[in-house]
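Trainee: my questions concern the predicted model and sequence given below.
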Amino acid sequence: MKDLLRTNSSLHEGIEKLLNLQSKIESDASNKYLAMASWLDRNGYANTADYLYAQSEEERMHFLKIFKYITELGGIAITPTIGEVQQEFRSLKEVFEIALQNEIAVTHAINKIVAKCRAENDYATEEFMMWYVREQREEEKNARRALELFDLIDENAPSGKFELDREIAKIGAAV
């Protein structure tokens, strides 16, 4: 059956592999944000937890969008396996340091797909991926903004953690 599907697909096999990898990356990001949100909830950061629960849902949507794109073009979308994710964090700041590192890694992976699309003259997939390029600018900006707040608000001040929890949650609302 795979050969039949492959002959009816306009999707280049190398690009299909990268898209399946990207769908896994997006699925993993959803799970990472879910674990972060759970940790935040357990540690009293309810507003920031809600922000990361929403981020988890957004990453799941990113995963499904790629997954469906692969099948729409006649490719074989691979359901990602769920791997272990970090459950415990040293601090609120560490959560966002990790989030920013993850978002930068996602940006690099997306850029790799776009470069492959250009090399293979796959204009449809390149155009599809431009949405992700724009989205990643926003994702990195939001993660950086969260970290900037730690420079503006003293976490060790009497109301510092409360203010950080409140202000980080506003990042998602401002989008």
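Mentor: Thanks, I have it.
Trainee: neighbours of Leu34, just the number please.
Mentor: 18 (other C-beta atoms under 10 Å). To be clear about C-beta, it is placed using only N, CA and C from the backbone, and glycine gets the same treatment.
Trainee: ok, the residue nearest to it when sequence neighbours are not counted - contacts?
Mentor: Spatial nearest neighbour of Leu34, chain neighbours left out: Ser56 (4.3 Å); criterion: C-beta to C-beta, 6 or more residues apart in numbering. Counting by C-beta atoms under 8 Å, 6 or more residues apart in numbering, Ser56 touches 30-31, 33-34, 37.
Trainee: and the helix or strand harbouring Glu148, what does it pack onto?
Mentor: Applying DSSP states H and E as the criterion places Glu148 in helix 123-152. Packing contacts for helix 123-152, counted by 3 or more C-beta pairs under 8 Å, 6 or more residues apart in numbering; DSSP states H and E, involve helix 13-42, helix 46-72, helix 92-119, helix 160-173.
Trainee: that one - what's its average pLDDT?
Mentor: The average pLDDT within helix 123-152 is 96.
Trainee: near the nearest residue in space to Thr125 that is not next to it in sequence, how many other residues are there?
Mentor: Distance criterion C-beta to C-beta, 6+ apart; nearest residue to Thr125, sequence neighbours excluded, is Cys117 at 4.8 Å. For Cys117, the tally of surrounding residues (other C-beta under 10 Å) stands at 23.
Trainee: contacting residues for Tyr33?
Mentor: 52-53, 55-56, 59, 99.
Trainee: repeat that for 7 Å
Mentor: Counting by C-beta atoms under 7 Å, 6 or more residues apart in numbering, Tyr33 makes contact with 52, 55-56, 59.
Trainee: what pLDDT does the closest residue to it other than its chain neighbours get?
Mentor: What sits nearest to Tyr33 in space, not counting adjacent residues and going by C-beta to C-beta, 6+ apart, is Ser56, at 3.9 Å. For Ser56, the pLDDT comes out at 97.
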